[in-house]
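Participant: fold the stuff below for me.
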Amino acid sequence: PPETNPRRPNWLDGAPRPGEYWDMILKALFGRKSKNKGPANGGIPESDENPGAPAEDLSLDEGPGEEMAAEEAEEDLLEDDQILKEMNIRARAYETYNRRKLKTIEQRLNGLDRDIFRVLPALIHLNTKGLPGYIEPRDRVPGGIWNYRVRKDTVDMLKKMFPDADYRPLSLRKVGVKNQIYSLSAMGSLASIAQTSKSDFDLWVCVKKDKIKESQLDGFKEKFKALEEWAEDLSHFEVHFFITDIDSVKVNNFGSADKESAGSALGKLLKEEFYRTHTVLAGHFPFWTLMPATMTDEEYERLRLLAIKSHKIERGNYIDLGNAQRVTMEEAFGAALWQLNKALGSPFKSAMKMALIEDYMDKATDPMLLCDRLKETLAEIQVRGETEEKEAKAEGNEEEAETPDIKEDRGRVAVQPELVLLEEDPERTNIDCYNLMFNRIQDYYRRTGQEENLDVLRKCFYLKAGTSITGLQDITRSKYPLKDML
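Facilitator: Residues are numbered from 1 along each chain as shown. I've put the predicted structure just below:
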């Protein structure tokens, strides 16, 4: 009895016996019981009609269909487990790629522009008196950015730039306020060969509009307009904020509220460009970054739910902006008309985008979208790097192979590995979003014999890149990776 034997197993008091747990699991997974019952009678199941007597073994009566279903279910579990492992590889790949892009962007900015870029997420996150973009009353601006904390070095920079602002802890902490910005991401030419000193910053502020009051949405717009004017007045730093509704983007609806919006007809192309060029400044990554390349919407949703339910994915770090999809001929026609209009202001960029649309419409071209091609390349680089690291450990070079992410605490502060600028990477032509687009279009024009258009494309790309070269024998080529790329 329990009162005389405190170590007595709980399953003797009516809880499921150890063998019965397998019954429950197998029944839940495959709709059947296990062949072997729990430990009573030495593992021999009892008969319901005669307790204590062995029950008739019915396992031999199972049909081949049930066995096949069990095997298929087990194969599905193994396949899902492999998919989750691959998702984690892509997650690590994009996190590293994103940090390298941030460093590359900063490296190409001058001192004051670099300071503006570094403090922008904090100025968006905070609504503090004395800082640019402060809105009164404070409740007109609904919270800040998810998964973002203003670091000490950023606060020090703010104090240097705005010494009279309110830096009391309660002003810097968003106590009792729910953050409403899920992601702050830049899109376009940043961190690519096409980034120049004149490049503007197009920032997506991803929110869920149905959770924000109209007055608070107006507060956001007022705040972002004030920040745009502050950056322009301070250093001619051109930044544009686009309040982007997550649920609308998911269904490729970008509306037509502002001059930069492409409208719903161009939703797929705009989303592909965002996925290919985006850099997360603060907040969440898109779920799309975890997914395999080129998948149906149904498969995308199944894997998204799989990731949400799994403990192997940090699901709180991602937002659902939907799948990347190929465009139809009708959408391509509308996109071409839009680019003709845009060409009045950005002729070089529009010429390249129209060429990409033409390539996407060619039945003989690579069916994979550029954003998916980039994603595959990043995953391959990540796998190759991790494999080399494991091989180095196996050879006994553990100390050299360890990284701060996996290094054990040995009584010293781990030094972060040096992040390589994108243009210094041996794979730079395959991970630069603009160079990737140019190579795709160049291959298309070569394949179709459009030499005249190819010449125009090269001139547009050269003028857009903004880097001067004197030819293949340029003596500065080895010192400047961007020149070498061009």
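Participant: roughly how far apart are Val456 and Met354?
Facilitator: Separation of Val456 from Met354 (CB to CB, to the nearest Å): 11 Å. Every residue, glycine included, has its C-beta placed from N, CA and C.
Participant: which one of those two has more residues nearby?
Facilitator: Met354 (19 against 16; other CB atoms under 10 Å).
Participant: quick check: Gln195 touching Ala186?
Facilitator: No: Gln195 lies out of contact with Ala186 (CB atoms under 8 Å); the separation is 10.5 Å.
Participant: joint contacts of those two?
Facilitator: Counting by CB atoms under 8 Å, 6 or more residues apart in numbering, the contacts common to Gln195 and Ala186 are Ile105.
Participant: any weak-confidence spans in the protein?
Facilitator: 1-76, 173-177, 255-265, 397-417, 466-473, 475, 478 (pLDDT under 70).
Participant: hey, where'd the strands end up in it?
Facilitator: 183-187, 201-207, 239-245, 279-283, 285-286, 318-319 (DSSP state E).
Participant: each with direction, which strands does the third one pair with?
Facilitator: I take that to be strand 239-245. strand 201-207 (parallel) (DSSP bridges).
Participant: what's in contact with the strand it pairs with?
Facilitator: The contact list for strand 201-207, computed with CB under 8 Å, 6+ apart, reads 117, 120, 124, 180-188, 190, 220, 224, 237-246, 249, 260, 274, 278, 281, 283-284, 319, 321.
Participant: among those, name the buried ones.
Facilitator: 117, 120, 124, 180-188, 190, 220, 224, 237, 239, 241-246, 249, 274, 278, 281, 283-284, 319, 321 (16 or more other CB atoms under 10 Å).
Participant: how far away is His278 from Asn88?
Facilitator: 20 Å.
Participant: typed the wrong thing, it's Tyr434
Facilitator: 29 Å.
Participant: likewise Asp297?
Facilitator: Counting by CB to CB, the gap from Asp297 to Asn88 is 23 Å.
Participant: more neighbours, the two?
Facilitator: Neighbours were counted for Asp297 and for Asn88 using other CB under 10 Å; Asn88 has more, 17 against 10.
Participant: look up the closest residue to that one, ignoring the ones flanking it.
Facilitator: Excluding the flanking residues, the one nearest Asn88 by CB to CB, 6 or more residues apart in numbering is Lys312, at 6.4 Å.
Participant: also Arg100?
Facilitator: Using CB to CB, 6+ apart, the nearest residue to Arg100 is Leu419, at 5.1 Å.
Participant: now swap in Phe285 and tell me
Facilitator: Nearest non-adjacent residue to Phe285, counting by CB to CB, 6+ apart: Tyr318, 5.5 Å away.
Participant: number of nearby residues for the one you found?
Facilitator: 21.
Participant: need the contact list for it.
Facilitator: Residues in contact with Tyr318 (CB under 8 Å, 6+ apart) are His284, Phe285, Pro286, Phe287, Thr289, Leu290, Ala307.
Participant: now restrict these to buried residues only.
Facilitator: Those of the contacts of Tyr318 that meet the buried threshold are His284, Phe285, Pro286, Phe287, Thr289, Leu290, Ala307, by 16+ other CB under 10 Å.
Participant: show me the contacts for the residue lying closest to Lys349 once chain neighbours are set aside.
Facilitator: The spatial neighbour of Lys349 that comes closest, neighbours along the chain excluded (CB to CB, 6+ apart), is Lys464 at 6.1 Å. By CB under 8 Å, 6+ apart, the contact set of Lys464 is Ser189, Ala194, Phe348, Lys349, Met352, Tyr434.
Participant: check Asn252 too.
Facilitator: Contacts for Asn252 were tallied using CB under 8 Å, 6+ apart; they are Ser264, Gly267, Lys268, Leu270, Lys271, Gly322, Gln325.
Participant: now Arg90
Facilitator: By CB under 8 Å, 6+ apart, the contact list for Arg90 reads Thr289, Leu290, Met291, Lys375, Leu378, Ala379, Gln382.
Participant: what's the closest of the strands of the chain to Thr128?
Facilitator: strand 279-283 (16.5 Å; CB to CB).
Participant: tilt between the closest one and strand 183-187?
Facilitator: In terms of direction (axes from the mean of the first three to the mean of the last three CA atoms, to 10 degrees), strand 279-283 departs from strand 183-187 by 170 degrees.
Participant: packing partners for strand 279-283?
Facilitator: Contact partners of strand 279-283 among helices and strands, from 3 or more CB pairs under 8 Å, 6 or more residues apart in numbering; DSSP states H and E: helix 64-107, helix 111-125, strand 183-187.
Participant: how far does the first one sit from its chain's centre?
Facilitator: What that stands for is helix 64-107. The chain centroid and the centroid of helix 64-107 are separated by 13 Å under CA atoms, centre = their mean, to the nearest Å.
Participant: the last one now?
Facilitator: When C-alpha coordinates are averaged (CA atoms, centre = their mean), strand 183-187 and its chain have centres 10 Å apart.
Participant: contacts for that strand, please.
Facilitator: Taking CB under 8 Å, 6+ apart as the rule, strand 183-187 contacts 105, 121, 124, 145-146, 148, 201-206, 273-274, 277-286, 319.
Participant: same question, stretch 135-152
Facilitator: 121-122, 124-127, 172, 174, 177-184, 212-213, 215-216, 218-220, 222-223, 226, 282-284, 316-317.
Participant: contacting residues for the residue nearest to Ser235 when sequence neighbours are not counted?
Facilitator: The shortest distance from Ser235 to any non-neighbouring residue, by CB to CB, 6+ apart, is to Leu112 (4.5 Å). If you count contacts by CB under 8 Å, 6+ apart, Leu112 has them with Leu234, Ser235, Phe237.
Participant: likewise Ser215?
Facilitator: Per CB under 8 Å, 6+ apart, neighbours of Ser215: Arg140.
Participant: tell me how far it lies from Gly396.
Facilitator: Where Gly396 is concerned, Ser215 sits at a distance of 64 Å (CB to CB).
Participant: got it, and Thr365?
Facilitator: Here Thr365 is placed at a distance of 48 Å from Gly396 (CB to CB).
Participant: the two - which one has more neighbours?
Facilitator: More crowded of Thr365 and Gly396, by other CB under 10 Å: Thr365, with 15 against 9.
Participant: ramachandran coordinates for the nearest residue to Lys178 once chain neighbours are set aside?
Facilitator: Leaving aside its chain neighbours, Lys178 sits nearest to Gly143 (5.2 Å; criterion: CB to CB, 6+ apart). Backbone torsions of Gly143, given as degrees, to the nearest 10, read phi 70, psi -170.
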